[in-house]
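Asker: Provided below for reference: sequence and predicted model.
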Amino acid sequence: MRLGRVAEAVRQEHGVTASTYVVDLADDDATHALGRRLAAAHPDATLLINNAGVALGGTFEQVTEEEFDWVLAINFRAVVTLTRALLPVLAANRGSHLVTMSSLFGLIAPAGQVAYATSKFAVRGFTEALRAELAGRVGVTVVHPGGIATRIAETARVAAATSAAEQAAGKAEFAKLLTYPPQKAAAEILDAIERRRPRLLIATSARVPDLIARITPGRYPAVLAAFERRAAGRRRAG
């Protein structure tokens, strides 16, 4: 199991205790139980990073209610549940910090990503409001990664209503965007925690779309589409 290998590598390389818990975060009851267990087992915790996330491709008309709720449960409700469970622990320990993982799609909302963007915009709003409430007590950082080279494209779901060809093409296009080294992204997140930065955008693939969306909030989908067509043309020419 990959989780076990990662935990063992952490133990060997850093000489620390690493505990693992396998939980389906789409199960609200299981997530609440995990929160209670973590709070009881780690009363001295000073850092919570809400990192779990899943992707789902498909338009709103293609995505079923069950599929939509699956994304919200893992990407948003689990963040709220685990934060609620661990916040008393963090607040009781000086210098504590909370990190939530939003996304590039918590900054922009492209077609075909309605469920995912909804969940990540929700994480952004939740974190920014919580930061205001916890000012001076617990540090809070929201992270907006661009195309990080993780397995999220490989494990992403595609709406059942889409054809097999659409599913394969969508995953292939998604995978092309994931080029930023995850180790570098992790180092930037740790630096943001140390500096207690309120917001972190990782990679040009997050910073440029964010800038365009702020300059042209009503027209950025067309502007970004034009950029992508130009980039695709250069790739084919190369």
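Answerer: The structure has been received and is ready for your questions.
Asker: Check the burial of R151 by counting its neighbours.
Answerer: 11 (other Cβ atoms under 10 Å). C-betas here are computed from N, CA, C, even on glycine.
Asker: how much space between it and V54?
Answerer: With distances taken as Cβ to Cβ, to the nearest Å, R151 is found 11 Å from V54.
Asker: do the same with A9
Answerer: Distance from A9 to V54, by Cβ to Cβ: 24 Å.
Asker: of the two, who's got more company?
Answerer: Neighbours were counted for A9 and for V54 using other Cβ under 10 Å; V54 has more, 18 against 11.
Asker: who touches the more buried one in this structure?
Answerer: Applying Cβ atoms under 8 Å, 6 or more residues apart in numbering, we find V54 in contact with 70-71, 74-75, 152, 155-157.
Asker: How about T46?
Answerer: T46 touches 90, 93-97, counting by Cβ under 8 Å, 6+ apart.
Asker: do you know how far it is from V89?
Answerer: If you go by Cβ to Cβ, the gap between T46 and V89 works out to 9 Å.
Asker: how about the residue most central in space within the chain, phi and psi?
Answerer: Residue closest to the mean C-alpha point of the chain, counted by Cα atoms, centre = their mean, is M101 at 3.7 Å. The phi and psi values for M101, taken as degrees, to the nearest 10, are phi -100, psi 100.
Asker: My read is that it contacts T141, right?
Answerer: No - if you go by Cβ atoms under 8 Å, M101 and T141 don't touch, sitting 9.8 Å apart.
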